[in-house]
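**Q** A structural model of the following input is requested.
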Amino acid sequence: MSTAAVSLPLPRVPARRERLVAVPTTGRKRILLAAPRGYCAGVDRAVITVEKALERYGAPVYVRKQIVHNIHVVRELEQRGAIFVDEVDEVPQGAHVVFSAHGVSPAVVDAAADRGLQAVDATCPLVTKVHREAVRFARDDFQILLVGHAGHEEVEGTAGEAPDSVTIVNSPDEADTVEVDDPSKLVWLSQTTLSVDETMETVSRLRARFPELHDPPSDDICYATQNRQVAIKKVAAGADLVIVVGSANSSNSVRLVEVALQHGARAAHRIDYPDEVRQDWLDGVETIGITSGASVPDVLVQELLRELAHAGYADVEEVRTAEEDLIFSLPKELRGDQPRGGRSRTA
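**A** Coordinates of the predicted model:
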C-alpha cells in the first residue's frame with residue numbers, strides 16, 4: 001500500500017546568510033506591525049486537531065492535503081509524526097486520517113469510509129457554513145455562482161457539495177461572461193479567503209447582468225480574512241515597504257500583498273522565513289509594514305522583527321484595527337482535554 005507524502009512546495013530552509021545591515025535614510029526607521037495578524041480560530045483548531053490526534057492515537061496520523069497552507073506548520077507536524085497525502089487512497093486501511101481546514105467534498109468522506117479510515121474532520125466551521133449554504137440552495141433549485149479560485153481545496157470541497165448546481169467564477173472579468181440557466185434562480189457564495197474588494201467587484205458585475213441575484217444569508221468571507229485586510233490597508237498607507245509572512249499557496253497571504261500594493265505601499269513582498277528578506281528591499285526605506293496570513297504562527301513574525309532590528313528597525317508600533325477572541329471547539333473525537341483560550345504549540 002502506497003503512503004507517498006503529498007507533493008508539497010517544501011524547499012529546504014536556506015542556510016542562514018549574513019544578517020541584514022543598517023541602511024542610511026533621511027528619517028526615523030520604524031515598523032508598523034499590523035494587528036490582527038497570524039492564526040485565526042479555524043487554523044488554530046485545525047493544527048491543534050492534528051497535535052491532539054497524534055497524542056491520542058500515536059504516530060503516524062495521516063492528513064489529507066496540507067492541514068493549513070503554511071510550510072512551517074506542515075514541517076513541524078511532519079516532525080511529530082503526521083504524514084500528508086494527496087488523497088485518502090494513499091492511507092492504509094483502518095488508519096486515522098484528518099481532513100484539512102479547507103474542507104472536503106462528500107465524495108472524499110465516502111472514499112474514506114469505504115477504506116475503513118478513522119476520519120477526524122478539521123474543516124473550519126466557517127467553511128462548513130458555506131458547504132451547508134451550497135446544499136440548501138441546490139436543494140431549492142438555485143444555480144450557485146461560487147466566487148473563488150478553481151483548484152483551491154476549499155473551492156473543490158464546496159463545489160463537491162452540489163456539483164450539478166455550482167459554477168465557479170474566478171475573477172471579476174469572468175463575471176462578465178459566465179452563463180446562467182435561470183437569472184431568477186441565482187445565488188452567489190464565495191471562498192472564505194478572498195480579497196474583500198475584489199469579491200465585491202465580482203458580485204457588482206454579476207448583479208449588473210443579473211439584477212435578481214441572491215446574496216448568501218451571511219458574509220462568506222471569514223472574519224479573519226477581512227480583519228487582516230483592513231489592518232494592512234491602514235498600515236500600507238504609511239509604509240514604504242510591506243512584508244507579508246505567509247506561504248505561496250496561502251490565498252489570504254497572497255491577497256494581503258495585493259491589498260498592500262493597492263493601498264499605498266511602494267513595494268510589498270511575501271516571505272515564508274525571515275532570511276528571505278533581501279538587503280536591497282531596504283534601500284531608502286524608513287517605514288516597514290509587517291503582517292502575516294491567517295495560517296502563520298506568530299513566532300515567524302517575531303523572528304522577522306529580530307532580523308529587522310539588526311538593520312536599525314527596532315522601533316515597532318502595533319497598528320490594531322480589531323480584537324479577536326473567537327475559539328472553535330475541537331472535533332468531537334478529540335474533545336475532553338482541549339486547551340482553553342491558548343494557541344497551538346506548533347510554532
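**Q** can you pull out the strands in this protein?
**A** 30-35, 61-64, 82-85, 96-99, 118-121, 143-147, 166-169, 186-190, 241-245, 267-271, 287-292, 316-320 (DSSP state E).
**Q** quick one: contacts for His214?
**A** Residues in contact with His214, defined by Cβ atoms under 8 Å, 6 or more residues apart in numbering, are Phe142, Leu186, Val187, Trp188. Placement of C-beta: from N, CA and C, glycine included.
**Q** list the contacts for the first one?
**A** Spelled out, it's Phe142. Applying Cβ under 8 Å, 6+ apart to Phe142 gives the contacts Ser165, Lys185, Leu186, Val187, His214.
**Q** doesn't Ile144 make contact with the fourth one?
**A** Yep, that's Val187 we're talking about. Yes. Between Val187 and Ile144 there is a contact under Cβ atoms under 8 Å: 5.7 Å.
**Q** Identify the contacts common to the two.
**A** By Cβ under 8 Å, 6+ apart, Val187 and Ile144 have these common neighbours: Phe137.
**Q** Need the strands of the chain in TSV (columns: mean pLDDT and distance to Glu76).
**A** Listed next are these as TSV, based on pLDDT from 0 to 100; distance: least, Cβ to Cβ, whole Å:
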stretch	mean pLDDT	distance to Glu76
strand 30-35	98	23
strand 61-64	98	12
strand 82-85	98	9
strand 96-99	98	15
strand 118-121	98	18
strand 143-147	98	32
strand 166-169	98	33
strand 186-190	98	30
strand 241-245	98	15
strand 267-271	98	18
strand 287-292	98	16
strand 316-320	98	26
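**Q** quick one: which of those strands is nearest Gln226?
**A** In terms of Cβ to Cβ, the element of the strands of the chain nearest to Gln226 is strand 186-190, at 11.7 Å.
**Q** Just the helices from the stretch 151-300 of the chain, written as ranges.
**A** 153-161, 172-175, 196-209, 223-236, 251-262, 298-310 (DSSP state H, counting those that start in this stretch).
**Q** Quick one: those as TSV, columns for mean pLDDT too.
**A** Below are those laid out as TSV (pLDDT from 0 to 100):
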stretch	mean pLDDT
helix 153-161	98
helix 172-175	98
helix 196-209	97
helix 223-236	98
helix 251-262	97
helix 298-310	97
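**Q** Out of these, the one nearest Thr49 is which?
**A** helix 153-161 (15.9 Å).
**Q** Output the strands of the chain in JSON lines; the columns should cover mean neighbour count.
**A** Listed next are the strands of the chain as JSON lines, based on neighbours: other Cβ atoms under 10 Å:
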{"stretch": "strand 30-35", "mean neighbour count": "22"}
{"stretch": "strand 61-64", "mean neighbour count": "26"}
{"stretch": "strand 82-85", "mean neighbour count": "21"}
{"stretch": "strand 96-99", "mean neighbour count": "24"}
{"stretch": "strand 118-121", "mean neighbour count": "20"}
{"stretch": "strand 143-147", "mean neighbour count": "24"}
{"stretch": "strand 166-169", "mean neighbour count": "19"}
{"stretch": "strand 186-190", "mean neighbour count": "24"}
{"stretch": "strand 241-245", "mean neighbour count": "27"}
{"stretch": "strand 267-271", "mean neighbour count": "18"}
{"stretch": "strand 287-292", "mean neighbour count": "26"}
{"stretch": "strand 316-320", "mean neighbour count": "14"}
